[in-house]
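Colleague: The following comprises the amino acid sequence and a computationally predicted model.
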Amino acid sequence: MNEVILDELYKNLGKYVTSEKMCEKLGVSRIAVWNRIKNLQKLGYKIEGKRSVGYVLKEEAKDILIPYEIKRRLNTKIFGKKIEYFRLTSSTMDEAEYILEKDPDAHGTLVVAEEQTSGRGRQKRKWLSPRGKNIYVSLIYTPKNMDVSDSIAMMFATSIAIKEALSDFGIENAKIKWPNDVMVNDKKIAGVLLETRSEAGVLTNAIIGFGINVNMEEMPDEIKDTATSMYIETNNTVDRATLLSNTLFYLENLLNILVNEGRSKILELWKEYNNTLGRKVEIHSDGEVFVGLAKDIDKDGFLLVDVGGNVKKVVTADSVRFVDEK
Ligand code: ATP
C-alpha cells in the first residue's frame, strides 16, 4: 500500500494529490490513507497535507533506506530485485542463510538492515552496526559452475565495487587491504564478508555481506583509531539508497566479468587499488605470528609474503597488520 501512495506522490512531486484520488487508488478510507501518510512521514518523507486538498511530497527522499527507495535507484538486472528489509536483526548474514535454506533459488536477493545486534566480520569478529547511519547488507549469489577457487576473487570484486561507489561520492583515495577491507588513509571504511558452500570443488552458493560506514559522525571508542566513515571523510551526508544501488550495479558487472572472462581482470583491478603489496606486514595465522614483505598475490588471490627470502602463502582466515601502523 505504501508503494502505491509513494508512486502517486512521486508522479506528482511538488504537487498536491487529492485525498479522493488516493482513496480511489487504494480502495480504502481517508483515515486509512492518513495513517499511511503518518507512517511515511515518520520514515522521513517530507509529505505535507491540507485538509481541503490532499497531500504533497515536497522533495525526493534524501536518505531513506527502504526497499522502495533502493529499487527506484537500481540499475541492475538481477541483484536487489528482491529485497528483504529489517529495521533490526541479529545479522543480515543469518537472515540470508535462512532465506537460502528455504529457497535455494533466491539468487540476487538482498537482505538489508538498519541495525544489527550481532553484525560480524571474519572469524566471528564483531562488526559494529549502529542504527540508521550505515549500510549492512547480504546478497545471495548462486552461480552456475563457479569454481570454489574463485572465492577470493569474488571477495575482491565486492571490495572493488565498494571502492567504485565511494568514488561516486567524492572519495577517490579508497584502497583495498588484503583481503577484504576498504580503507581510506589506512582506516577501515567498509568490510566484506563472504560465506560460501561448495560441492566437489564447485561453489554452489555464496552470501556476500558488506558493511559501509556512511553517515556516522563519530566512531565508537573501540574503533576510533582504526575506522572512518564517508561523513568523516567528506563532511557530507550521503543518500544510502543511491550508494547501495550503485555498489550493486558495479558488483553485478564485476561478477559477470568473473563468470564470463575468469579472474584475471578482477585480480588486475585489485592490484591497481590495493594498499597492501610492497608493505611490511605482520601475519597472525593459527597461533603463529610472522613478519615479512607483502610481495604479490597468486593466481587465486592468496597473499604471498616474503619472510627472509622464504615465500609464505597467507590464507583468508589469517589476520594482516601493517607493521608501520602499530
Ligand atoms: P582486523 O580489522 O581486526 O585486522 P579484519 O580486517 O579481518 O581484522 P574483519 O573481520 O573484516 O576484520 O572485521 C572485524 C573487525 O573490524 C573488528 O575486529 C573491528 O576491529 C573492526 N570493526 C568492527 N566494526 C567496524 C566498523 N563498523 N567499521 C570499521 N571497523 C570495524
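Modeller: The structure has been received and is ready for your questions.
Colleague: and residue 326, what pLDDT?
Modeller: Note on residue 326: pLDDT of 49.
Colleague: May I have stretch 58-67 as CSV, with CA atoms only?
Modeller: Taking C-alpha atoms only, stretch 58-67 is exported to CSV below (Å, rounded to 0.1, in the frame of the first residue of the first chain):
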residue,chain,number,x,y,z
LYS,A,58,7.8,18.3,-1.2
GLU,A,59,11.1,16.7,-2.2
GLU,A,60,12.7,13.4,-3.2
ALA,A,61,13.8,11.3,-0.2
LYS,A,62,17.3,12.2,0.9
ASP,A,63,18.4,9.2,2.9
ILE,A,64,15.6,6.6,3.4
LEU,A,65,16.9,3.1,3.1
ILE,A,66,13.7,1.2,2.4
PRO,A,67,13.3,-1.2,-0.5
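Colleague: So what's the gap between that stretch and the chain middle?
Modeller: Offset of stretch 58-67 from its chain centre (C-alpha atoms, centre = their mean, to the nearest Å): 18 Å.
Colleague: Run through the residues that contact whichever residue of the stretch 101-250 of the chain sits closest to the ligand.
Modeller: Per C-beta to the nearest ligand atom, residue 121 is where the stretch 101-250 of the chain lies closest to the ligand, at 2.3 Å. Where C-beta positions appear, they are placed from N, C-alpha and C, glycine not excepted. Shown in contact with residue 121 (C-beta atoms under 8 Å, 6 or more residues apart in numbering): 127, 191, 193.
Colleague: Which elements pack onto the helix or strand hosting the second one?
Modeller: According to DSSP states H and E, residue 191 maps onto strand 187-199. For strand 187-199, the contact count by 3 or more C-beta pairs under 8 Å, 6 or more residues apart in numbering; DSSP states H and E identifies helix 92-102, helix 151-168, strand 181-184, strand 202-212 as packing neighbours.
Colleague: List the beta-bridge partners for residue 208.
Modeller: residue 139, residue 194 (DSSP bridges).
Colleague: what's the neighbour count on residue 88?
Modeller: A count of nearby residues for residue 88, using other C-beta atoms under 10 Å, gives 11.
Colleague: my guess is it meets residue 113, correct?
Modeller: Yes: if you go by C-beta atoms under 8 Å, residue 88 and residue 113 touch, sitting 7.0 Å apart.
Colleague: tell me the centre residue of this structure?
Modeller: Nearest to the geometric centre of the chain sits residue 210, at 4.1 Å (C-alpha atoms, centre = their mean).
Colleague: which residues does it contact?
Modeller: Per C-beta under 8 Å, 6+ apart, neighbours of residue 210: 135, 137, 158, 162, 190-193, 247.
Colleague: And the pLDDT for residue 124?
Modeller: pLDDT at residue 124 comes out at 82.
Colleague: Revised request: answer the last question for residue 288.
Modeller: On the pLDDT scale, residue 288 gets 89.
Colleague: So what pairs up with it in the strands?
Modeller: Here residue 288, judged by DSSP bridges, has bridge partners residue 285.
Colleague: burial of it, as a residue count?
Modeller: 9.
Colleague: Check the gap between it and the ligand for me.
Modeller: 16 Å (C-beta to the nearest ligand atom, to the nearest Å).
Colleague: what's the answer for residue 91, then?
Modeller: 12 Å.
Colleague: dump the residue contacts of that residue.
Modeller: 116-120 are the contacts of residue 91 under C-beta under 8 Å, 6+ apart.
Colleague: again with residue 184
Modeller: 166, 171, 173-175, 228, 233.
Colleague: what's the answer for residue 179, then?
Modeller: 152, 155-156, 301, 303, 316, 320.
Colleague: Those residues of the stretch 151-300 of the chain touching the ligand, which are they?
Modeller: 180-181, 188, 191, 211, 213, 223, 226-227 (C-beta under 6 Å from any ligand atom).
Colleague: in what helix or strand does residue 260 lie?
Modeller: Here residue 260 is assigned to helix 240-261, by DSSP H and E.
Colleague: Next SSE downstream of that helix?
Modeller: helix 264-273.
Colleague: So what touches that following helix?
Modeller: 153, 156-157, 159-160, 163, 174-176, 254, 257-258, 277, 297, 299, 301.
Colleague: at 7 Å what do you get?
Modeller: 153, 156-157, 160, 163, 175-176, 254, 257-258, 277, 297, 301 (C-beta atoms under 7 Å, 6 or more residues apart in numbering).
Colleague: Against which helices or strands is the helix holding residue 260 packed?
Modeller: When contacts are defined as 3 or more C-beta pairs under 7 Å, 6 or more residues apart in numbering; DSSP states H and E, helix 240-261 packs onto helix 67-73, strand 135-141, helix 151-168, helix 264-273.
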